[in-house]
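A.B. asks: all I have is the shape, not the residue letters:
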C-alpha cells in the first residue's frame, strides 16, 4: 500500500510538487487573512513555511536540498530549481517598460558594484573581528557574504580549505534567507515601492533567490526590476572576488 | 497559440543564458554573467517590436503570463529546497557576516536610489539623456 503511494508520487514528482506548493500557498493565504488580517503577505508566509520545511527536510535526510531530498517530494527540487526559477523570472519581464529600465540604468549599475564591494567589506571585517588574519580566509568569508556562489568560486580560485568554503556558503545562505524574510518588513522604511528603487535593491542585495523571494512577498510588480540587476551581481562578484578584492586584502594583511 | 508565447519566452532565456556563459568565458569567470537579465531585456524588446508582437499578444501572450504568474509558487518551491540546515550550522561567524551584509545593504537602498534620481532631473531639460 505504502509502496504504491511512494512509487506513484515518485514517478509524478513535478506534478506532485504543483499540488503540494498549491496547498502550501492556499494555507499561507488562509493564515495571512485569518491571523494577520492580510498584514503579512500570504506569499511571505508561504516562503517562510518553505524554509521551515527545508530545515526539517534537511534534518531528516541529511541532504542539502531541503525537502527535495525526501523521495515523494523530489519534484519540489525540480520546480524550485534553477531552470524553472529563471524561466519564471524572465516571464515577469513581460509588461516591463523600457523607459523605467532606462531611468534607473546608471543607479542600477552603480548599485551592483557598490553591493558586491560593501558586502565583501562587511564579511571581511566580521572575519577579522572573529580573529582571522589569513588573507585567503578573510577573502573567502567576505566573498561568502557577497553570495553563496561567489564564496566558493572565490575560495576555490585562491586555494581556501573546504571548511572555509563551507563557512562562506553558510554566510551567503544566511544572507539569502534573511533577504527573503526581511525585505517585506523593511520595504516601506527603505523606500522600496517603485521600479527604480527595486533595481537598486536588486543590485545591492544580489542574491537572486533572496531578491526573488523578498520582492515577491513585497510587491510582485517590482520583481522584474530587482531580478534584472540581481542577475549581474553574482557575475561581477565572481569577477572581482578572486582578483581585485583578494589582491587588496592580500596587500593589507 | 499559447505555445508561441512560451516558445518566445524560451528563446529569450536560452539566448540570454548562452550570451551570459560566453561573457563569463570572455572575462575569465566561472559563472553565468547576467544571462537572465539579458534574457529579460530580449523579452522586453520583443514585446515592444512590431514584428514580434504577434508572439507576445493575445493568446500567445497568455502563455507568457502563465509563467509570470507561476513565479511566486516557484519561489516557494525554491525556498523549500534551500540548504537551511547548513546555514544554521554555519555558526555565529556565518550568522553575523550574513546579517551584517544584509543590514548594511538595506541601509544603502535609499541612498543609491537618490543617486539615480539626482542626474535624472538635471539632465532632462538639456535633453542629454536618451
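C.D. replies: The structure has been received and is ready for your questions. Just so it is clear, the structure is predicted and the values come from calculations on it, not from any experiment.
A.B. asks: C-alpha only now, for contacts and for neighbours.
C.D. replies: Will do.
A.B. asks: neighbours of residue B:59, how many?
C.D. replies: 16 (other C-alpha atoms under 10 Å in any protein chain shown).
A.B. asks: just the pLDDT at it, thanks.
C.D. replies: At residue B:59, the model reports a pLDDT of 89.
A.B. asks: what comes up buried for the host helix or strand of it?
C.D. replies: If you go by DSSP states H and E, residue B:59 is part of helix B:58-69. Within helix B:58-69, the residues that count as buried by 16 or more other C-alpha atoms under 10 Å in any protein chain shown are B:59-68.
A.B. asks: which elements pack onto the helix or strand following that helix?
C.D. replies: Sequence-wise, the next helix or strand downstream of helix B:58-69 (DSSP H and E) is helix B:71-80. Here helix B:71-80 touches helix A:13-35, helix A:42-61, helix A:74-79, helix A:82-91, helix A:208-218, going by 3 or more C-alpha pairs under 8 Å, 6 or more residues apart in numbering or on different chains; DSSP states H and E.
A.B. asks: now with 10 Å?
C.D. replies: helix A:13-35, helix A:42-61, helix A:74-79, helix A:82-91, helix A:162-186, helix A:208-218 (3 or more C-alpha pairs under 10 Å, 6 or more residues apart in numbering or on different chains; DSSP states H and E).
A.B. asks: need the winner for burial among these.
C.D. replies: Most buried of these, by mean neighbour count (mean count of other C-alpha atoms under 10 Å in any protein chain shown): helix A:208-218, with a mean of 27.
A.B. asks: got the angle between that one and helix A:82-91?
C.D. replies: Going by axes from the mean of the first three to the mean of the last three C-alpha atoms, to 10 degrees, helix A:208-218 is angled at 50 degrees with respect to helix A:82-91.
A.B. asks: can you give me the helices for chain B?
C.D. replies: B:2-26, B:35-48, B:58-69, B:71-80, B:84-89, B:91-126 (DSSP state H).
A.B. asks: make TSV out of the helices and strands packed on helix B:71-80 and add mean pLDDT.
C.D. replies: TSV is the format used below for the helices and strands packed on helix B:71-80 (pLDDT from 0 to 100):
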stretch	mean pLDDT
helix A:13-35	93
helix A:42-61	86
helix A:74-79	93
helix A:82-91	86
helix A:162-186	84
helix A:208-218	85
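A.B. asks: which one, of those helices, ends up nearest to residue A:116?
C.D. replies: Among the helices and strands packed on helix B:71-80, helix A:162-186 comes nearest to residue A:116, with 12.2 Å by C-alpha to C-alpha.
A.B. asks: can you tell if the closest one touches chain B?
C.D. replies: Yes: using C-alpha under 10 Å from any C-alpha of the partner chain, we find that helix A:162-186 touches chain B at A:163, A:166-180, A:182-183, A:186.
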